[in-house]
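1. Would you be able to build a 3D model of this:
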Amino acid sequence: MTAEAEPAFRGRRSRSTTPSPRLLIAVLAVAGTVASFMHTLVVPIIPALPRLFHAPAADTSWIITITLLAGAVATPVAGRLGDMYGKRRVMLGSVWLLVLGSLVCALSTSLAPMVVGRGLQGLSTGLIPLGISLLRDELPAERLGSALGLMSSSLGIGGALGVPVAAVIAQTFTWHVLFWMATGLSLAILLLLWRVVPESPVREAAPGRFDVVGAIGLAAGVSCLLLAISKGGTWGWVSPATVGTALAAVAVLLLLWGPWELRHPSPVVDLRVSARPRVLMTNLTSVVVGFAMYGMGLAVPQILQLPTATGYGLGQSMIAAGVCFAPFGVVMMLASPFTARVSARWGAGVTLVLGSGIIGVGYLISAWFMHSIWQTVLIGLISGVGVALAYASMPTLIMAAVPDTETAAANGLNTLMRSLGTSSSAAVVGALLASMTVAFDGGQVPSAAGFQAVFLLGAGAAALAVLLGLCIPGPGPGPEARRAPAAVVAAAVGSDARQDVVLGAVTPAPRRPATPATTIATPVAAKPGDAGAWLA
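-> Purely as a prediction, here's the structure:
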């Protein structure tokens, strides 16, 4: 459904009910960080899961896998529901699922309820694209760029900061305390969202019936694809289970789901919009950036924890390793104002390319210089800046190319693309390190050559992301340019521009003649070489 065929519903809100931009940004960013934290909550206790639940490691791995699957499926579905029925309403529903899942896990004593609870926790991942879209609807132009960067980066911030926190709790208390903490955090987020976040005035004027069949088809296809990626190393990459699951994913997505979505009047994913070159190339780049980002998080903590007797391990405890890697998340959080200035000056396309290049530099340094703690911290800082730049640019690029009424669904699909990249990275890096080992202390550990191969692979992925980013077209003078986020238009036309938050229009200051937003956007986009040529 396009904006021309079905105009967005926009209603005015009284000034007293509108929260301050700073408070709104803080609440939504914390909500996104907590949602992503749930993905790494159990990382410190992974080795102990078979003993804790009296089950084989292949079975307890579902405690990790189910959260990944649920999150991947939930992001585009939650985004579409938010566009249709209200983003705040769907965010509150997502947090209720997070509360329920955390409570189920906290009370679990066996594997089955634990897997169910972890699946419910994964469904809250939709908070991130919903928050990105709601910020676009609510914030004044001058605050939007840094807010989008912070919200988009919360997917990595929660994961990076969650590991050391979870490690301290897991080693100090029982594992149940992890999920009681998660329950408390979820309830706090629920209260904050209810009290602070307003309902967005932007949604479909007359939403059709939700595409239940399309949602089921997307869930089936994506689940099969992620299962083949995440379980391929365990099942065997050429085993009937892996090959059959991968083929099922292709059959469901291409032969059944795709044609259904093209015919449905209100699809979960508007494939015609998603096929636009700007959206398609951004999503492809997101897959590769997700792949490049996740490899660092898998390799560096292992090097930190391997014994120094190996010759390349740094002999740190699990908690110390988490603390050493925490700057990766901290710098992502602190870099959002910087990423906004880069995008405002040169455009989000340049920001994405620059971020991908910095990630590549971090990997190249890692391949030859990771012999001490300070080097790992420095590499984490460099990589964190790169990921912050790349992640901040993606939602801005996407929202410049889709109708106002589809921003949450489009950002949900982009988050799914990143998840496909991280899942592929986990599978490939895991297989690579498992195949390149040396004997140590009666067992096998990843070799130094294996870690170097991972870092070079990450550098290659970052280089590919740079090439794909350079292929992202700038918006022309058509509908995509007219829908450019107000923050970018304001940055392009100068500091005198202001945003009407309720109506979403960009109008000049009183001392200039009144000009429609579409008139502002068109000449900016038409000038090659200035910020408008790379409109985010």
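
2. so where is the stretch 251-400 of the chain shaky, pLDDT-wise?
-> Judged by pLDDT under 70, the stretch 251-400 of the chain has no weakly predicted residues.

3. Helices of that one, residue ranges please.
-> Counting by DSSP state H, counting those that start in this stretch, the segments of the stretch 251-400 of the chain that form helices are 258-263, 271-274, 277-305, 318-334, 336-346, 348-368, 373-399.

4. Among those helices, single out whichever gets nearest to Gly131.
-> With C-beta to C-beta as the criterion, Gly131 lies closest to helix 373-399 of the helices of the stretch 251-400 of the chain, at 9.9 Å. Quick note: C-beta positions are derived from backbone N, CA and C, even for glycine.

5. Quick one: the helices of the stretch 251-400 of the chain as CSV, columns for distance to Arg136 too.
-> Converted to CSV, the helices of the stretch 251-400 of the chain look like this (distance: least, C-beta to C-beta, whole Å):
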stretch, distance to Arg136
helix 258-263, 24
helix 271-274, 16
helix 277-305, 15
helix 318-334, 20
helix 336-346, 13
helix 348-368, 13
helix 373-399, 6
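
6. Could you dump those helices into a markdown table with mean neighbour count and distance to Ile229 added?
-> As requested, those are exported to a markdown table (neighbours: other C-beta atoms under 10 Å; distance: least, C-beta to C-beta, whole Å):
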| stretch | mean neighbour count | distance to Ile229 |
| --- | --- | --- |
| helix 258-263 | 14 | 20 |
| helix 271-274 | 17 | 21 |
| helix 277-305 | 23 | 11 |
| helix 318-334 | 22 | 23 |
| helix 336-346 | 21 | 29 |
| helix 348-368 | 23 | 21 |
| helix 373-399 | 26 | 21 |
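
7. Between these, which one is closest to Ser94.
-> The closest of these to Ser94 is helix 373-399. By C-beta to C-beta, the value is 17.8 Å.

8. what's the angle between that closest one and helix 277-305?
-> Calculated by axes from the mean of the first three to the mean of the last three C-alpha atoms, to 10 degrees, helix 373-399 forms an angle of 160 degrees with helix 277-305.

9. Domains in this structure, by residue range?
-> Domain ranges of the chain: 19-210+266-470, 211-265, 479-534, per automatic domain parsing.

10. deepest of those domains, which one?
-> domain 19-210+266-470 (a mean of 21; mean count of other C-beta atoms under 10 Å).

11. end to end, how far does it reach?
-> Its first and final residues considered, domain 19-210+266-470 spans 38 Å by C-alpha to C-alpha, to the nearest Å.

12. Okay, now the unreliable bits of the protein?
-> Looking at the chain by pLDDT under 70, you get 1-18, 202-208, 475-536.

13. cutoff 50 now
-> Applying pLDDT under 50 to the chain flags the ranges 1-16, 476-536.

14. can you pull out the strands in it?
-> For the chain, the strands defined by DSSP state E cover 8-9, 203-204, 437-440, 443-446, 498-500, 505-507.

15. chain center to the third one, what's the gap?
-> Think strand 437-440. 35 Å (C-alpha atoms, centre = their mean, to the nearest Å).

16. Tell me who's in contact with Leu378.
-> Leu378 is in contact with Ile365, counting by C-beta atoms under 8 Å, 6 or more residues apart in numbering.

17. what's the spacing between it and Tyr294?
-> Distance, Leu378 to Tyr294, by C-beta to C-beta, to the nearest Å: 20 Å.

18. cool, and Ala335?
-> 19 Å.

19. And Val323, by the same measure?
-> Between Val323 and Tyr294 the distance is 20 Å, computed by C-beta to C-beta.

20. repeat for Gly159
-> Separation of Gly159 from Tyr294 (C-beta to C-beta): 9 Å.

21. again with Ser435
-> For Ser435, the distance to Tyr294 equals 18 Å [C-beta to C-beta].

22. on that earlier part again, so which of the helices of the stretch 251-400 of the chain comes closest to Pro47?
-> helix 318-334 (9.6 Å).

23. How far does the closest one sit from its chain's centre?
-> On the basis of C-alpha atoms, centre = their mean, helix 318-334 is displaced by 18 Å from the centre of the chain it belongs to.

24. Stretch 223-240 now?
-> Its chain's C-alpha centre lies 23 Å from the corresponding centre of stretch 223-240 when counted by C-alpha atoms, centre = their mean.

25. Ok, stretch 209-226 next?
-> With C-alpha atoms, centre = their mean as the basis, stretch 209-226 stands 19 Å off its chain's centre.

26. outside of that stretch, which residues touch it?
-> With contact meaning C-beta under 8 Å, 6+ apart, stretch 209-226 is reached by 65, 68-69, 72-73, 76-77, 80-81, 84, 245-246, 248-249, 252-253, 256-257, 260-261, 264, 266-269, 416, 419-420, 423.

27. and what of stretch 228-244?
-> For stretch 228-244, the surrounding residues in contact (C-beta under 8 Å, 6+ apart) are 58, 61, 65, 68, 245-246, 249, 420, 423-424, 426-427, 430-431, 434.

28. Just the ones of those in helices?
-> 58, 65, 68, 245-246, 249, 420, 423-424, 426-427, 430-431, 434 (DSSP state H).
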